[in-house]
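Visitor: Would you be able to build a 3D model of this:
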Amino acid sequence: MLSISNLHAAYGKVEVLHGISMEVPKGKVVTLIGSNGAGKTTTMRAISGMLKPKEGKVTLAGKDVTGLDSHKIARAGLAHSPEGRRVFATMSVTDNLLLGAFPRFTRSRPRGDIESDLQKAMELFPRLKERKNQLAGTLSGGEQQMLAMARAVMLNPDVVLLDEPSMGLAPILVDEVFRIIVRLKEQGTTMLLVEQFAAAALAVADYGYVLENGRISVHGPATSLQNDPAVKAAYLGGGAQH
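Guide: Here you go, the predicted structure:
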């Protein structure tokens, strides 16, 4: 469904990704874990068009989307819930969600039943339903994170990129975010998840990749990474369990 091959990316002359390759099969959750500065967010940005790759290929549902503008990649079926949430603060919760479906209104994505999907998003994220008329900027950090995730889902995408959905959240909200990821997975949503809580990410994922200094150091089924002594020592230590 999403295929990344020999991806190189840089900020100016500083190369951050040194030829990484990953596969995200349809209906699966794949997680990318690694320490701060390993290149996880850069990977997401290079996939979704926020950063032009220097080299390599990104294929979405068989279509080469390498280096396309972000809005064209979104129309092709990729939704990106970015690190730091980035909601439209002066618009209501409902309008933020409808903006997520914008390519469907313009028919650059299959339209489907937008009203029904809006109701489903509200049911998946009950806190948003309670605050549907509230300005997004007045929501708590956790509620804004849920709004960013729900907005991505409103594209009715083929693949969702979730970049650090638990960042900065209280533990009770981290648990809620992961419950929602599990529900999306049960609905067959294809996801690539970047997450600081490696143990929680591997618990919901089917497959995992470990990124170290811009290179994939190890990858395999999530269960095997959970039991890998090196991965355990580096990423599954104290404080990462949820």
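
Visitor: check which helix or strand covers the residue most central in space within the chain.
Guide: Centroid check for the chain by CA atoms, centre = their mean gives residue 162 as the closest residue, at 1.4 Å. Using DSSP states H and E, residue 162 sits within strand 159-163.

Visitor: That strand pairs with which strands?
Guide: Next to strand 159-163 in the sheet, as set by DSSP bridges, lie strand 78-81 (parallel), strand 190-194 (parallel).

Visitor: Downstream of the first one, the next helix or strand is which one?
Guide: Sequence-wise, the next helix or strand downstream of strand 78-81 (DSSP H and E) is helix 93-100.

Visitor: elements contacting that next one?
Guide: Contacts defined by 3 or more CB pairs under 8 Å, 6 or more residues apart in numbering; DSSP states H and E place helix 93-100 against helix 114-124, helix 141-153. For glycine as for every other residue, the C-beta is placed from the backbone atoms N, C-alpha and C.

Visitor: Give the other helices and strands that the longest helix anywhere in the chain contacts.
Guide: Scanning the chain for the longest helix, with DSSP state H as the assignment, gives helix 171-186. The criterion is 3+ CB pairs under 8 Å, 6+ apart, and the helices and strands that helix 171-186 contacts are helix 114-124, helix 141-153, strand 190-194, helix 198-204.

Visitor: these two touch, right, the residue nearest to the centre of the chain and residue 192?
Guide: Yes. Using CB atoms under 8 Å, residue 162 makes contact with residue 192 at a distance of 7.2 Å.

Visitor: In a markdown table: the helices and strands packed on helix 171-186, plus mean neighbour count and distance to residue 215.
Guide: Formatted as a markdown table, those follow (neighbours: other CB atoms under 10 Å; distance: least, CB to CB, whole Å):
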| stretch | mean neighbour count | distance to residue 215 |
| --- | --- | --- |
| helix 114-124 | 15 | 36 |
| helix 141-153 | 23 | 28 |
| strand 190-194 | 25 | 16 |
| helix 198-204 | 22 | 17 |
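
Visitor: Having no further points to raise, I will conclude here.
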